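Colleague: I'd like to go over a predicted model; first the sequence, then the structure.
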Amino acid sequence: MALLPILRYPDPRLHTVARPVAAVDERVRRLVADLLETMYAADGVGLAATQVDVHERVIVMDTSEPRDRPLVLINPEIVARSAEMAVNEEGCLSVPQIYDRVERHARVTVRALDREGRPFELEAEGLTAVCVQHEMDHLLGKVFVEYLSHLKRDRIRTKMLKKTRDEQRGR
Ligand code: K1U
Ligand code: ZN
């Protein structure tokens, strides 16, 4: 297994649309293992392949407490959405230390393949529903800050560029 570097906003590669996985084989299972290791090491509850510069429809999540129930979603599709919406605080491993409120469907049903290539359905609510919608946005090249005002987004972009520059200079 390997820890993978996570792209940081505003890296343009975060806006790449992921392609479907053609076959769930050993290569994909290795990617899944690396995504899980990277997500747990970063203390995240989710991670999309897009965030590690792999543009295939693969998501990992673990919203359990203690964090011992990994969820793997390959080629996920939302097949039902609640009319009810909910506003929740979100964060993103690609936009470290930035949190803001985003409105999303309160419940969603997702159809996907597991790491053995078997189809399954997930009925998600609460943090799991927030997380799966956030991760599926990543697969479409969308970062949660795009739900915020232009003013907030511009401030976040400037802050992230400065943070990256300072880190590269060892500050
Ligand atoms: O996609 C990512 O960058 C992972 C992201 C998933 C996410 C969690 C919660 C709401 C939206 C998206 C994170 O893991 S953010 C860090 C985190 O652990 C967390 C943030 C908010 C609530 C609960 C957990
Ligand atoms: Zn994210």
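Modeller: Yep, that arrived. Just so you know, these numbers come straight off a predicted model, no measurement behind them. Ligands and ions are numbered 1, 2, ... in the order given.
Colleague: which residues does residue 59 contact?
Modeller: By C-beta atoms under 8 Å, 6 or more residues apart in numbering, the contact list for residue 59 reads 46-49, 72-74, 76, 112, 132, 135-136, 138-139. For the C-beta atoms, the positions are set from N, CA and C on the backbone; glycine is no exception.
Colleague: among the residues you listed, which are in reach of ligand 1?
Modeller: Contacts with ligand 1 within the contacts of residue 59, counted by C-beta under 6 Å from any ligand atom: 46, 47, 48, 135, 138.
Colleague: Which of these has the largest number of neighbours?
Modeller: Using other C-beta atoms under 10 Å as the neighbour criterion, residue 48 leads the ones next to ligand 1 among the contacts of residue 59 with 30 neighbours.
Colleague: How much space separates that residue from residue 154?
Modeller: Per C-beta to C-beta, to the nearest Å, residue 48 is found 24 Å from residue 154.
Colleague: cool, residue 141 as well?
Modeller: 19 Å.
Colleague: higher neighbour count, these two?
Modeller: Remark: of residue 141 and residue 154, residue 141 carries more neighbours, 16 against 12, as counted by other C-beta under 10 Å.
Colleague: Need the pLDDT of the nearest residue to residue 125 once chain neighbours are set aside.
Modeller: Closest residue to residue 125 apart from its sequence neighbours, by C-beta to C-beta, 6 or more residues apart in numbering: residue 107 at 4.6 Å. Each residue has a pLDDT score; the one for residue 107 is 98.
Colleague: what about residue 107, neighbour count?
Modeller: By the measure other C-beta under 10 Å, the count of residues near residue 107 is 17.
Colleague: now residue 1
Modeller: If you count neighbours by other C-beta under 10 Å, residue 1 ends up with 10.
Colleague: May I ask you to confirm that it is in contact with residue 37?
Modeller: Yes. Between residue 1 and residue 37 there is a contact under C-beta atoms under 8 Å: 4.7 Å.
Colleague: Over to stretch 137-155 now: how far is its first residue from its last?
Modeller: End-to-end distance of stretch 137-155: 21 Å, with C-alpha to C-alpha, to the nearest Å as the criterion.
Colleague: quick one: which of the contacts of residue 59 is nearest ligand 1?
Modeller: Using C-beta to the nearest ligand atom, residue 46 is the member of the contacts of residue 59 that lies nearest ligand 1, at 3.8 Å.
Colleague: what are the bridge partners for that closest one, then?
Modeller: Beta-bridge pairing for residue 46 (DSSP bridges): residue 61.
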